[in-house]
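Enquirer: Pasting a predicted model and its sequence here:
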Amino acid sequence: MPLASPDRKQTSAPEMPEYARKRRQRVRSIAIALALGATVLLFYAVTIIRLGSGVAQRPL
């Protein structure tokens, strides 16, 4: 049994205009940058909390 009959044409998603594609790409890039920044801040905060307040008073 064939997957697609010869009399039916496969339709693809309509192409977006260039400005819409670029806008979506920019929004996606900003979201990735914000997620990366939040991850960096989270690791920094966890590191500072785990080190505790005694880290500045250690002998050199």
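Expert: Arrived safely. Keep in mind that what you see is a predicted model, and the values were worked out from it rather than measured.
Enquirer: Run through the neighbouring helices and strands of the host helix or strand of Ala45.
Expert: Following DSSP states H and E, one finds Ala45 within helix 18-51. Taking 3 or more CB pairs under 8 Å, 6 or more residues apart in numbering; DSSP states H and E as contact, there are no helices or strands that helix 18-51 lies on. (C-beta placed from N, C-alpha, C; glycine too.)
Enquirer: how about that helix: buried residues?
Expert: In terms of neighbour count (16 or more other CB atoms under 10 Å), helix 18-51 has no buried residues at all.
Enquirer: before we move on, what SS does Pro14 have?
Expert: coil (DSSP: H, G, I helix; E, B strand; the rest coil).
Enquirer: per-residue pLDDT, the most centrally placed residue in the chain?
Expert: Nearest to the geometric centre of the chain sits Ile32, at 3.1 Å (CA atoms, centre = their mean). Ile32 carries a pLDDT score of 99 in this model.
Enquirer: Same check on Arg26?
Expert: Reported pLDDT for Arg26: 97.
Enquirer: ok, Pro14 - contacts?
Expert: By CB atoms under 8 Å, 6 or more residues apart in numbering, no residues touch Pro14.
Enquirer: Phi, psi for it please.
Expert: Here is the backbone geometry of Pro14 (degrees, to the nearest 10): phi -70, psi 140.
Enquirer: if I look at it, how far off is Ala20?
Expert: 11 Å (CB to CB, to the nearest Å).
Enquirer: Over to Gly37?
Expert: To Ala20, Gly37 is 26 Å away according to CB to CB.
Enquirer: Many thanks, we can stop here.
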